[in-house]
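Q: Got a sequence here, can you model it:
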Amino acid sequence: MLGSTFFTLLIFHSGNDKLIPDGKKHGDYFMDWAVGEKEFGFYPDGEHVCANYLDEVIPYSIDWLSKHLCQCHMDPPIPPVPEGKAQISLGWVSR
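A: Numbers count the residues shown, from 1 in each chain. The predicted model follows:
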C-alpha cells in the first residue's frame with residue numbers, strides 16, 4: 001500500500017493461445033513488473049481468454065474483485081463471500 005492506494009493485479013494466461021503466444025512468459029513478465037499483491041493463473045492447455053476454463057476463471061475473478069474492491073473503497077467493507085460460495089481452488093502461481 002502506498003498512501004491510501006492499493007496495488008493489486010490478477011492475470012490469467014493460457015498456453016494454447018494463438019493471439020498471445022508464450023502466455024507463461026508474458027504473465028511472468030507482468031508478475032516481475034508489478035508491485036503489491038499479485039496473482040497469476042496459467043492454464044497450459046487453455047485457449048484465448050481461457051475460454052475453455054471460464055467456469056473456473058469467472059467465479060474466481062468475481063471473488064477476487066469483490067475482495068479487493070471492498071478492501072480499497074468500502075468503509076466498512078462488504079463481508080467476504082461465505083466459504084463454499086463461488087470459491088474455487090486453482091493450481092497456479094500466487095506471488
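Q: Does Asn16 belong to a helix, a strand or coil?
A: Following DSSP: H, G, I helix; E, B strand; the rest coil, the label given to Asn16 is coil.
Q: Would you check that it makes contact with Gly46?
A: Yes - Asn16 lies in contact with Gly46 (Cβ atoms under 8 Å); the separation is 6.0 Å. C-beta coordinates here come from the backbone N, C-alpha and C atoms, glycine included.
Q: between those two, which one's more packed in?
A: Gly46 (22 against 14; other Cβ atoms under 10 Å).
Q: The closest residue to the more buried one other than its chain neighbours and Leu69: what is the separation?
A: Leaving aside its sequence neighbours, Gly46 sits nearest to Ser14 (Cβ to Cβ, 6 or more residues apart in numbering; 3.0 Å). Distance of Ser14 to Leu69, given as Cβ to Cβ, to the nearest Å: 25 Å.
Q: what about dumping the CA coordinates of stretch 15-33 to CSV?
A: Taking C-alpha atoms only, stretch 15-33 is exported to CSV below (Å, rounded to 0.1, in the frame of the first residue of the first chain):
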residue,chain,number,x,y,z
GLY,A,15,-0.6,-21.9,-23.1
ASN,A,16,-2.7,-22.6,-26.2
ASP,A,17,-3.5,-19.0,-27.1
LYS,A,18,-2.9,-18.2,-30.7
LEU,A,19,-3.2,-14.4,-30.2
ILE,A,20,-0.8,-14.1,-27.3
PRO,A,21,1.9,-16.7,-27.8
ASP,A,22,4.0,-17.8,-24.8
GLY,A,23,1.4,-16.8,-22.2
LYS,A,24,3.6,-18.1,-19.4
LYS,A,25,6.5,-15.8,-20.3
HIS,A,26,4.1,-12.8,-20.8
GLY,A,27,2.5,-13.5,-17.3
ASP,A,28,5.9,-13.9,-15.6
TYR,A,29,6.9,-10.5,-17.1
PHE,A,30,3.9,-8.8,-15.5
MET,A,31,4.5,-10.6,-12.2
ASP,A,32,8.1,-9.3,-12.1
TRP,A,33,7.0,-5.8,-13.1
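Q: Right, I'll leave it there.
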